[in-house]
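**Q** fold the following, please.
(one chain, ligands or ions: 2)
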Amino acid sequence: MHIKSNRPCITALEAIIVDLPTIREHRLAMTTMSRQTLVIVRLSCDDGIEGIGEATTIGGLSYGDQSPESIKLTLDHYVNPLVIGMDATSVNAVLAKVDQSVQGNSLAKSALETALLDAQGKRLGAPVHALLGGAVRNSLPVLWTLASGDSARDIEEAKQLLDIRRHKVFKLKIGKRSPRQDIEHVAAIKNALGDRAEITVDINQAWSEATAARHIPDLQAAGVMLVEQPIARDNRRGMARIARMFNIPIMADEAISTPADMFDYASDGAADIVALKIAKSGGPLGVIRVAAVADAAGIGCYGGTLLEGTIGSIASAHAFAACRRLEWGTELFGPLLLKDDIVVERASVAEFELAVPDAPGLGVAIDEDKLAFYRRDKTRTTVA
Ligand SMILES: O=C(O)C[C@H]1C=CC(=O)O1
Ligand SMILES: [Mn+2]
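**A** Ligands and ions are numbered 1, 2, ... in the order given. Now for the predicted structure:
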């Protein structure tokens, strides 16, 4: 017999596109950003509780195959009719229903999963990390990406961040210029910072396997600590050959989204480290499944970002806090790249670490005035 439950139901799901300015240009191999676009999700339930989530990508469709506009369309037209009326307390049941009718679209699913966890946490008076099995750590090391496009400016920026004890690991985005220019840039920064800082590089798939084989030794000689996604995401065999060829750790990012991707990479020995991202894996629960496969294979975990604002970064922080091992730290600096955000209290980093909130849910509240000001379909023109 089917017993009608008295559990709270989902009554509304809203997706809002928000455009925010960045503090400086951010240059990656595939695009240069001067603003960031977030998709904020608000999920209402009939017990009066609201959950929030965020789906954010980089540079429209230049980084990945989901754009802010397509994420909103997916949520409005496909996900919304599936979830309205469902029991809001079973995150797994809601996501299973969505997975049956919506293929892919991991970013929309991540924002939905985050909003459900936020709502359930608020309902139970528990932080999201507690819903994920509990935090193994209550703060996370955060690196900073130097990507102004100018070596001198990057060095100055790094020195300042070291002085104020905000970051001591720096990721350099390379692959846009020639390998020779890139290596000069990397060496200049490492020489200027010396032992005060560790340097990593992210090539964002820009090199061929032959270019990687030729130039990874130069990066190693320049003092680089690890190399992220040197070649195309679908060239798993090439990644395996590179990982075997060099001692310097090779990190897979764009190549690994699902537990199955992680399993294939692990089976082929195609990466030493994986960049976990809630956006790639469909949310905090999804990313923990990928981390479990990585753990089983002895592959190191790193807490990655798609440069989300505070909501998405704090959702990631809850998940990364709950991962059993997080040997390579995180890059949850997205909120610090933004000039402003749409929350009451922005995420901040002190003593090189980001604190994981302990308040119910995500522990983040929307600033309604700022949201009204920055939303693309703007409803007012001044911030109070
Ligand atoms: O890792 C990426 O590919 C994307 C992102 C993370 C940090 C950053 O600057 O860009
Ligand atoms: Mn990357």
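**Q** quick one: contacts for the residue of the stretch 151-300 of the chain found nearest ligand 2?
**A** Residue nearest to ligand 2 within the stretch 151-300 of the chain (CB to the ion): D253, separated by 3.6 Å. Any C-beta I mention is one placed from the backbone N, CA and C, and that applies to glycine too. Contact analysis of D253 by CB atoms under 8 Å, 6 or more residues apart in numbering lists D202, N204, E228, Q229, V274, A275, K277, G304.
**Q** which residues does the closest residue to ligand 1 within the stretch 101-250 of the chain contact?
**A** Of all residues in the stretch 101-250 of the chain, T145 sits closest to ligand 1, with a separation of 3.5 Å (CB to the nearest ligand atom). Neighbouring residues of T145 by CB under 8 Å, 6+ apart: H26, F170, K171, L172, K173, D202, E331, F333, L337.
**Q** that one falls within a strand, correct?
**A** Yes: counting by DSSP: H, G, I helix; E, B strand; the rest coil, T145 is found in a strand.
**Q** residue contacts, the spatially most central residue of the chain?
**A** By CA atoms, centre = their mean, the chain has its centre lying nearest to T305, at 2.2 Å. Counting by CB under 8 Å, 6+ apart, T305 touches K277, S313, S316, T330, E331, L332, F333, G334.
**Q** with R375 instead?
**A** So R375 contacts I16, I17, V18 (CB under 8 Å, 6+ apart).
**Q** does it have beta-bridge partners, and which?
**A** For R375, the beta-bridge partners under DSSP bridges are V18.
**Q** could you do A55 as well?
**A** Applying DSSP bridges to A55 gives these bridge partners: V39.
**Q** for it, give me its contacts.
**A** 15, 38-39, 41, 66, 68, 71, 107-108, 110-111, 279, 312.
**Q** swap the cut-off to 7 Å and go again
**A** For A55, the contact set (CB atoms under 7 Å, 6 or more residues apart in numbering) comprises V39, V41, I71, L107, A108, S110, A111, A279.
**Q** by neighbours, which of those residues wins?
**A** Greatest neighbour count in those, by other CB atoms under 10 Å, goes to A111: 36 neighbours.
**Q** does the longest helix along the chain come close to ligand 1?
**A** The longest helix of the chain (DSSP state H) is helix 106-124. No: applying CB under 6 Å from any ligand atom, one finds helix 106-124 separated from ligand 1 by no less than 13.4 Å.
**Q** elements contacting that helix?
**A** If you count contacts as 3 or more CB pairs under 7 Å, 6 or more residues apart in numbering; DSSP states H and E, helix 106-124 packs onto strand 32-45, strand 50-56, helix 91-101, helix 128-131, helix 278-281, helix 284-297.
**Q** tell me which of those sits most buried.
**A** Across the helices and strands packed on helix 106-124, the average number of neighbours (mean count of other CB atoms under 10 Å) peaks for helix 278-281, which reaches a mean of 29.
**Q** and the residue nearest to the centre of the chain, that's in a helix?
**A** No: counting by three-state DSSP, T305 falls outside a helix, being coil.
**Q** distance of it relative to K370?
**A** T305 is 21 Å from K370, where distance means CB to CB, to the nearest Å.
**Q** next, the buried residues of the strand or helix carrying D369.
**A** According to DSSP states H and E, D369 maps onto helix 368-374. The neighbour-count check on helix 368-374 (16 or more other CB atoms under 10 Å) flags K370, L371, A372, F373, Y374 as buried.
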